[in-house]
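In: What follows is a protein structure lacking sequence information:
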């Protein structure tokens, strides 16, 4: 049953990523990208990395996609039918993608994968939170200030000028 869950999440990830790339409407691309990032967080949750899954949802889906939607909606005429939305470089880019995919598969197959040691200590969320509030407090606060600046910038850009 767990294999079926993983394959379902992986299939949804691939489908949403494909739809992100091939969609012609920029807003729909942002929606497909949000679903792709949610699928990635699903894989994190499946692998037992709940903290990474929550961070993926908060930072990327909650923050970055919100900024994308703001930028799309505030840009005038981005979805206008008069703007040409085609790409003449489909064949060269497809060839490059196939070459890169070949090398990726070659690297994955030839890499020695380490086995998971069941005796290795597992970091709990309580210990992770404690280290964020002691050892890594300065980077944690810097990231929170950066996200706050991004949110204030989005509000200033999005406000109605009188």
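Out: Perfect, I can see it now. This is a predicted model, so every value here is computed, not measured.
In: pLDDT on stretch 118-130, on average?
Out: Averaged across stretch 118-130, pLDDT comes to 80.
In: Span of it from start to end?
Out: 24 Å (Cα to Cα, to the nearest Å).
In: Flag every buried residue along that stretch.
Out: Neighbour counts over stretch 118-130 (16 or more other Cβ atoms under 10 Å) mark no residue as buried. Bear in mind the C-beta positions are built from the backbone N, C-alpha and C, glycine included.
In: Touching that stretch from outside, list them.
Out: With contacts defined as Cβ atoms under 8 Å, 6 or more residues apart in numbering, stretch 118-130 is touched by 50-51.
In: Tell me how far it lies from the chain's centre.
Out: Distance of stretch 118-130 from the chain centroid (Cα atoms, centre = their mean, to the nearest Å) equals 25 Å.
In: for stretch 21-37, same thing?
Out: Distance, stretch centre to chain centre, for stretch 21-37: 12 Å (Cα atoms, centre = their mean).
In: And that stretch, what's buried?
Out: Applying a neighbour-count criterion of 16+ other Cβ under 10 Å, one finds 26, 29-37 buried in stretch 21-37.
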